[in-house]
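Student: Quick one, what's the 3D model for this:
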Amino acid sequence: MRAVTAISGDLDNPLAGLQIGEHPDPTVPEGWVRVAIKAASLNHHDVWTLRGVATAAENLPIVLGSDAAGVMDDGREVIVHAVIGDPSKGDETLDPKRSLLSEVYDGTQAEFVTVPAYNVIDKPDFLSFEEASCLPTSWLTAYRMLFTKSGLQKGDTVMIQGAGGGVATALTQLASAAGITVWVTSRDEAKREYAKSLGANEVFETGARLPGKVDAVMESVGEATWSHSMRSLRPGGRIVICGATSGANPPADLNRLFFLQLEVVGSTMGTKAEFESLLKFMQETDVRPQIQQTFEMADARDAYELMINGDVRGKLVIKP
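Tutor: Down below sits the predicted model:
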């Protein structure tokens, strides 16, 4: 089958390890199913794989991609749940042996993918294959951050650090649809205006002094924005963090943390149950993923260049 694969990792030149071409057809272990991919979307995780960070070198070459929607051999239209873990533990994201598709097992940017039967969810008719393919990582991550981890209620105020990427876009749309007041930061004026078009109530330059304190901060940037996130919280407020793209070791600011009784909560991906709740919420609110561009598999390198350069608003989709 044809696939987009990582054959090596290079921190400074990630595109050096990107290959588009033939890859062995997947086997279907007992208890697993095969899905013919109709659409697959990109995430920063894919770039981290090409940088040699997201998977071990001995797992290469590996098919990239954790997100997809497609059709099973019996004709069932499905979305792929990207977390490969043990659901008997109650929360597969807490399984110490869990992985994301494309870390241990081949990913979704191919003609076919195989996953445990547990990891397919019926694709609702109100979503196209392209829209559905955007959900498993960034949208599920955003949903868990907002509705499981943040403690936010309708009428509260949230600040989202960064704008334009998949998680930030999903956070902005979901929070706005839930009746939460949304403030978004970005260094880029065009991206700030884009956030407004998605439902942000106010937008600010990164690090700007805010007109008031917020109830929670959604953080994925890390070192570059951490001090601003801490300073922006009201007493008893909460930071929910799902990533650290600018660095993982900011000053802890422990005095502020204990004196204002702030909370820092980690969040990674989401469960199948949360995924199903996300789909229900989207149906009720008519929220849909924003797709910047769709690429044929042969042009996947162009999509990766956009992702690496940071020139992304919404999601990038590959169609085999």
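
Student: how about the helices in the protein?
Tutor: 44-50, 129-132, 140-144, 166-177, 189-197, 223-232, 254-259, 272-285, 300-309 (DSSP state H).

Student: Quick check: buried residues in stretch 113-133?
Tutor: Across stretch 113-133, burial judged by 16 or more other Cβ atoms under 10 Å covers 113-116, 118-121, 123, 127-133. Every residue, glycine included, has its C-beta placed from N, CA and C.

Student: Show the contacting residues for the residue lying farthest from the centre of the chain.
Tutor: Most distant residue from the mean C-alpha position of the chain: residue 259, 32.6 Å away (Cα atoms, centre = their mean). With Cβ atoms under 8 Å, 6 or more residues apart in numbering as the criterion, no residue contacts residue 259.

Student: how about the residue nearest the centre of the chain, what does it touch?
Tutor: With distances taken as Cα atoms, centre = their mean, residue 138 lies nearest the centre of the chain, 2.0 Å away. Counting by Cβ under 8 Å, 6+ apart, residue 138 makes contact with 43, 67, 165-167, 169-170, 315.

Student: Give me the pLDDT value at the residue farthest from the centre of the chain.
Tutor: On pLDDT, residue 259 comes in at 97.

Student: Quick check: buried residues in stretch 143-157?
Tutor: Buried residues in stretch 143-157, counting neighbours by 16+ other Cβ under 10 Å, are found at 143-152, 156-157.

Student: Quick check: closest non-adjacent residue to residue 213.
Tutor: Of all residues not flanking residue 213 in the chain, residue 234 sits nearest, at 3.8 Å (Cβ to Cβ, 6 or more residues apart in numbering).

Student: list the contacts for that neighbour?
Tutor: Contacts of residue 234 by Cβ under 8 Å, 6+ apart are 213-215, 260.

Student: So the protein: which segments form each domain?
Tutor: 2-134+289-319, 139-266 (automatic domain parsing).

Student: Please state the offset of the shortest one from the chain centre?
Tutor: Centroid separation for domain 139-266 versus its chain: 15 Å, with Cα atoms, centre = their mean, to the nearest Å.

Student: For residue 116, which residues are in contact?
Tutor: 31-33, 84.

Student: For PyMOL, write the selection for the buried entries among the residues you listed.
Tutor: A single PyMOL command selects the buried members of these (16+ other Cβ under 10 Å):
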select buried, resi 32+33+84
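
Student: Dump the contacts of residue 116 into CSV; add distance to residue 245 and pLDDT as well.
Tutor: CSV is the format used below for the contacts of residue 116 (distance: Cβ to Cβ, whole Å; pLDDT from 0 to 100):
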residue, distance to residue 245, pLDDT
31, 35, 96
32, 32, 97
33, 33, 98
84, 23, 96
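
Student: Would you reformat the contacts of residue 116 as a markdown table and include distance to residue 61?
Tutor: Formatted as a markdown table, the contacts of residue 116 follow (distance: Cβ to Cβ, whole Å):
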| residue | distance to residue 61 |
| --- | --- |
| 31 | 25 |
| 32 | 20 |
| 33 | 23 |
| 84 | 19 |
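
Student: Mind checking which of the contacts of residue 116 land in strands?
Tutor: 32-33, 84 (DSSP state E).

Student: So for residue 199, what's the nearest residue that isn't a sequence neighbour?
Tutor: Residue 199's closest residue in space is residue 176 (Cβ to Cβ, 6+ apart), at 3.0 Å.

Student: same deal with residue 196?
Tutor: Closest to residue 196 by Cβ to Cβ, 6+ apart is residue 203, at 5.8 Å.

Student: Please list all residues in contact with the one you found.
Tutor: Counted by Cβ under 8 Å, 6+ apart, residue 203 has contacts 163, 183-186, 192-193, 195-196.

Student: How about residue 16?
Tutor: Residue 16 touches 8, 10, counting by Cβ under 8 Å, 6+ apart.

Student: and it, what pLDDT?
Tutor: 96.

Student: repeat for residue 164
Tutor: pLDDT, residue 164: 77.

Student: Compute the number of surrounding residues for it.
Tutor: Per other Cβ atoms under 10 Å, the neighbour tally for residue 164 reads 23.

Student: Correct me if wrong: it contacts residue 194.
Tutor: Yes: applying Cβ atoms under 8 Å, one finds residue 164 in contact with residue 194, separated by 6.2 Å.
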